[in-house]
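Peer 1: Here is a sequence with its predicted model. Questions after.
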Amino acid sequence: MSENGKVYVVQETNHSMIKAREFGDLAYMSNGERDDFVNITNSPTNERLLSHLAEFLREYDPEADFIVPVGSPYVQMAVFWILGAMNVRRVRILRWNNKDHGYIPLVLNLRREIIDGD
């Protein structure tokens, strides 16, 4: 395992993740089944996908790991929603830079004051 931790790739896409490997070992969150949500309330497909994402994120370390938000924006949103439900307040994201053709780390810290409006 890389000393940098894991790089959680939200979904497999046609984009190369070679440059993301500079930040840690790649861990693809795709579950091999349907990788997006359906527009049906209480859908078993949606429940399975949410459960899969939550299980995958149990080992997420906000001090060492990164998230690469690629693929469906709805699945990306669910990943960050689950992390928030897990009380993760610091998220390290790899953001693609078209100019340099590489990833740039972005760290977001969600302080309690922001949520409470203090």
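Peer 2: Yep, that arrived. The model shown is predicted, which means the values in this text are computed figures rather than measured ones.

Peer 1: what stretches of this structure score poorly on pLDDT?
Peer 2: 1-3, 31-34, 111-118 (pLDDT under 70).

Peer 1: at 80 what do you get?
Peer 2: Filtered on pLDDT under 80, the chain yields the residue ranges 1-4, 31-35, 110-118.

Peer 1: can you give me the helices for it?
Peer 2: Using DSSP state H, the helices found in the chain span residues 44-57, 73-85, 112-116.

Peer 1: where exactly do the strands run in the chain?
Peer 2: Secondary structure of the chain by DSSP state E: the strands cover 6-9, 25-28, 66-68, 90-97, 102-109.

Peer 1: Point out the most buried one among these.
Peer 2: strand 66-68 (a mean of 25; mean count of other Cβ atoms under 10 Å). Bear in mind the C-beta positions are built from the backbone N, C-alpha and C, glycine included.

Peer 1: who does that one touch, helix- and strand-wise?
Peer 2: strand 6-9, strand 90-97 (3 or more Cβ pairs under 8 Å, 6 or more residues apart in numbering; DSSP states H and E).

Peer 1: starting at the chain centroid, how far to the last one?
Peer 2: Meaning strand 90-97. Its chain's C-alpha centre and that of strand 90-97 lie 9 Å apart, by Cα atoms, centre = their mean, to the nearest Å.

Peer 1: Also the first one?
Peer 2: The chain centroid and the centroid of strand 6-9 are separated by 7 Å, computed with Cα atoms, centre = their mean.

Peer 1: which residues touch it?
Peer 2: The contact list for strand 6-9 (Cβ atoms under 8 Å, 6 or more residues apart in numbering) reads 17, 20-21, 23-29, 56-57, 59-61, 64-68, 70, 79, 94.

Peer 1: redo that, cut-off 10 Å
Peer 2: For strand 6-9, contacts defined as Cβ atoms under 10 Å, 6 or more residues apart in numbering pick out 15, 17, 20-30, 53, 56-57, 59-61, 64-71, 79, 83, 92-94, 103.

Peer 1: end to end, how far does stretch 54-74 reach?
Peer 2: Using Cα to Cα, to the nearest Å, the end-to-end distance of stretch 54-74 comes to 15 Å.
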